[in-house]
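[1] just a sequence and a predicted model for now, questions to come.
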Amino acid sequence: MANYFNTLPLREQLAQLAQCRFMHTAEFADGVEALKGKKMVVIGCGAQGLNQGLNLRDSGLDVSYALRPEAIEQKRQSWKNATENGFVVGTYEELIPTADVVLNLTPDKQHTSVVNTVMPLMKEGACLSYSHGFNIVEEGMKIRDDLTVIMVAPKCPGSEVRAEYVRGFGVPTLIAVHEDNDPKGEGLALAKAYAVGTGGHKAGVLMSSFIAEVKSDLMGEQTILCGMLQTGSLLCFDKMVEEGIDPGYASKLIQYGWETVTEALKYGGVTNMLDRLSNPAKIKAFDLSEELKDIMRPLYNKHQDDIMSGHFSKTMMEDWANDDANLLKWRAETAETNFEKTPAGDVEISEQEFFDNGILMVAMVKAGVELAFETMTAAGIIAESAYYESLHETPLIANTIARKKLYEMNATISDTAEYGCYLYNHACVPLLADFMKGIKSDVIGKGLSLDDNGVDNARLIEVNTALRSHPVEAVGSVLRGYMADMKKIV
Ligand SMILES: NC(=O)C1=CN([C@@H]2O[C@H](COP(=O)(O)OP(=O)(O)OC[C@H]3O[C@@H](n4cnc5c(N)ncnc54)[C@H](OP(=O)(O)O)[C@@H]3O)[C@@H](O)[C@H]2O)C=CC1
Ligand SMILES: CC(=O)[C@](C)(O)C(=O)O
Ligand SMILES: [Mg+2]
Ligand SMILES: [Mg+2]
C-alpha cells in the first residue's frame, strides 16, 4: 500500500484539497430515510463508536456492534459500553454479513487489519464508512469495487457528539464519498442520512473529500486544538509557580481557564474573546500574540508541510510498528508534569477573572487559532474547513481539559491526534523558552496592576481593526450566523 495522496498528480491533489461546500438545510429534507430499515453495524465501541451509535439509534436507526473476540470474551470496556446501553453485540462473523453499512470506528492504527478482516465478510454492494480518512489517504487502502466508501467525520470529540445531540443540537460534520468507491452512486445519500442521524445537519455539514478532511484534521489537532493547549498549560503553570503564585490557584486558572476564555470564541470569535479584556489588557494580549505568531509560524508551517508530504504519517506508522513506544512514553511523561500532578485549589475564580488573570492564555489561543487558520488556507484548505478545524473546535477540546486536565483531553481524542499533540508540544516548549523568560505574573496569574485603564486612541483603533479584519473572523461570523439560524428552527 502506498500513500494515496502522493500518487495523485498535483492538479488532482489541489482539486481534492479545495473540495468543500457548506450544505444547505434543504439538502437534508429526506432526513434519515436513506438508512431507514438498513442494518448499521459499528466496529469498535470507544469515543466515536459509542456516541455516534447512541445518536443514530435515537434517530430511529438500527444499530448493533461487532467487536473483536477478545473484547467480548474479556468483557472489555467496549463490550460494557455497548451492552450496558442495550445494544446487540456480536462477532464479525455474526454481524458483518448482515450489515448494509459497516461503520469502522476503531483507532486509525487498526484500520488496515480491521478492514482486511471484515471486507471478505461484507455483503455485495454494502457500504463501508469511516470518521477519518487516514486509512484511505495516507495508507492507500484499496476497498472492494462493489462496496461504497463514505466518510462522516464529526469535527469534535465523541463525548461532545453525544452531549450536543442530547441538547437537541449537533456538531459540525464533514462528509465525503471516496470517488474510487461509489459504484451505485448512493454514497452521498447515505452520508447525508448518517449525518442527520448523528445530528450534524443541525450544526452545519461540509461536503468535502477524504483528502481535504485528512490534511485539515491532522493539522488542527496537532497545533491549536490539542498541541497548543497542552504546551500552553505546561508553560503557564510553571511560570505562575516560578512567580510565587499558589500552585492550587495556578492549576485551577489553567484547568478551567481554557474552557472559559474559549467560550467567548464560540460566541463571537477572536474579536469577542479579546473584547472581554480591559483595553490595556487587550492591547497587551494582542502584542503578545503577535510575538507568539512570529515565533511559532515556522512550527505551524512544518506541521502542515509534514502532513502534506506524508512525513508525519510515515513516522507515526513507524511508531505503530514499534508497539506505540513513543506514544506510550510521551503519554506517561505528560502524566508526570507539574500541572497534571497539582490538583486545582479550592478557590473561587469568577468568570471575568479567568480573562483578567489569563492574558497570556488568551494571547496563546488567538495566536494558535490564527496561525492554524492561515497555514491551512495557504495550503489550499477552504476557509470553512479551516475555521471548523481551528476556531470552532477549540472550545470543544478545552471542555475536556476542564473535566480532567490533559489526561482527559488525550484520552478523549484519537490516538492519532494524541501522537501529533505530543510532537507539537516537544517542539513548541523549547521554541518558546526565551519568550517565556520575559513573562511575568501581570499577564498570567495576577493581571495588570494599573491605576487607570487609559489607552492611546490610535493604538486601540489599530488593534481593534487588526482583530476584526482577520480572515478567520469573516468566515466565522457567517458560519456562526448559520448555526444560530439553525438553532432557532430546532
Ligand atoms: N476520538 C475522537 O473524538 C475522534 C475520532 N475520530 C476518528 O474516529 C475513529 C475512532 O477513533 P476513537 O473513537 O478515538 O477510537 P477509540 O480509541 O476510542 O477506540 C475505538 C474502539 O476500537 C476497538 N478496537 C481497538 N483495536 C481494535 C481492533 N484491532 N479490532 C477491533 N476493534 C478494535 C476498541 O475496543 P477493544 O479494544 O475493546 O476491542 C475501542 O472500543 C478514528 O478513525 C478516529 O480518527 C474522528 C473524530 C474525533
Ligand atoms: C477530536 C477530533 O476531532 C480529533 C482531534 O480530530 C481527533 O480526536 O482525532
Ligand atoms: Mg477532528
Ligand atoms: Mg482527528
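    Sure, I can see it. Ligands and ions are numbered 1, 2, ... in the order given.
[2] which parts of this structure are strands?
    20-22, 39-43, 62-66, 88-90, 101-104, 127-130, 148-154, 173-177, 205-208 (DSSP state E).
[3] what's the closest of those strands to ligand 2?
    Ligand 2 sits nearest to strand 148-154 of all the strands of the chain, at 7.0 Å, using C-beta to the nearest ligand atom. The way it works is simple: take the backbone N, C-alpha and C, and place the C-beta from them, glycine included.
[4] by how many degrees do that closest one and strand 173-177 diverge?
    Using axes from the mean of the first three to the mean of the last three C-alpha atoms, to 10 degrees, the inter-axis angle of strand 148-154 relative to strand 173-177 is 170 degrees.
[5] contacting residues around strand 148-154?
    Residues from elsewhere that reach strand 148-154 (C-beta atoms under 8 Å, 6 or more residues apart in numbering): 48, 52, 125-133, 136, 143, 160-161, 171-178, 180-184, 186-187, 190-191, 194-195, 198, 200, 210, 213, 217.
[6] of the residues you listed, which are in range of ligand 4?
    Restricting the contacts of strand 148-154 to those adjacent to ligand 4 (criterion: C-beta under 5 Å from the ion) gives Asp217.
[7] could you turn the buried ones of the contacts of strand 148-154 into a ChimeraX selection?
    Entered in ChimeraX, the line below selects the buried ones among the contacts of strand 148-154, by 16 or more other C-beta atoms under 10 Å:
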select :48,52,126,127,128,129,130,131,132,133,136,143,160,161,171,172,173,174,175,176,177,178,181,182,187,190,191,194,195,198,200,210,213,217
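[8] roughly how far does the residue nearest the centre of the chain sit from Phe237?
    By C-alpha atoms, centre = their mean, the chain has its centre lying nearest to Cys156, at 4.7 Å. Cys156 sits 25 Å away from Phe237, taking C-beta to C-beta, to the nearest Å as the criterion.
[9] can I get the strands of the chain in CSV with mean pLDDT and distance to ligand 2?
    Shown next, in CSV, are the strands of the chain (pLDDT from 0 to 100; distance: least, C-beta to the nearest ligand atom, whole Å):
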stretch, mean pLDDT, distance to ligand 2
strand 20-22, 94, 16
strand 39-43, 98, 17
strand 62-66, 98, 20
strand 88-90, 98, 24
strand 101-104, 98, 14
strand 127-130, 98, 12
strand 148-154, 97, 7
strand 173-177, 97, 10
strand 205-208, 96, 14
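[10] which residues touch Glu138?
    Here Glu138 is in contact with 3-5, 214, 310, 313, 317 (criterion: C-beta under 8 Å, 6+ apart).
[11] for those, pick the one with the most neighbours.
    Using other C-beta atoms under 10 Å as the neighbour criterion, Val214 leads these with 28 neighbours.
[12] look up how far Leu450 lies from Val89.
    The value you get for Val89 to Leu450, if C-beta to C-beta is used, is 61 Å.
[13] quick one, which of those two is more surrounded?
    Between Val89 and Leu450, counted using other C-beta under 10 Å, Val89 has the larger neighbour count: 19 against 11.
[14] so the more buried one touches Ala82, yeah?
    Yes: using C-beta atoms under 8 Å, Val89 makes contact with Ala82 at a distance of 4.8 Å.
[15] for whichever residue of the stretch 351-490 of the chain sits closest to ligand 1, what are its contacts?
    Distances between the stretch 351-490 of the chain and ligand 1 by C-beta to the nearest ligand atom are smallest at Ser414, namely 3.8 Å. By C-beta under 8 Å, 6+ apart, the contact list for Ser414 reads 47, 107-108, 132, 221.
[16] lowest pLDDT pick from the residues you listed?
    Confidence by pLDDT is poorest for Ala47 among the contacts of Ser414, given 93.
[17] quick check: phi and psi at Asn3.
    Note on Asn3: backbone dihedrals following degrees, to the nearest 10 are phi -60, psi 110.
[18] now do the same contact list for the residue nearest to it when sequence neighbours are not counted.
    The shortest distance from Asn3 to any non-neighbouring residue, by C-beta to C-beta, 6 or more residues apart in numbering, is to Gly310 (4.4 Å). Contacts for Gly310 (C-beta under 8 Å, 6+ apart) come out as 3, 5-6, 138.
[19] got phi/psi on Gly310?
    Backbone geometry at Gly310, expressed as degrees, to the nearest 10, gives phi 90, psi 0.
[20] and the pLDDT for it?
    98.
[21] my guess is Met361 contacts Ile254, does it?
    Yes: at 7.3 Å, Met361 and Ile254 qualify as touching, with contact defined as C-beta under 8 Å.
[22] more neighbours: these two, which one.
    Ile254 (29 against 25).
[23] contacting residues for the one residue in the stretch 101-250 of the chain that gets nearest to ligand 1?
    At 3.3 Å from ligand 1, His132 is the closest residue in the stretch 101-250 of the chain, using C-beta to the nearest ligand atom. Contacts here follow C-beta under 8 Å, 6+ apart; on that basis His132 touches 108, 151, 153, 213-214, 217, 414, 416.
[24] rerun that using 6 Å as the cut-off
    By C-beta atoms under 6 Å, 6 or more residues apart in numbering, the contact set of His132 is Ala153.
[25] and if you look at the one 5 residues further on?
    Shown in contact with Val137 (C-beta under 6 Å, 6+ apart): 4-5, 210-211, 214.
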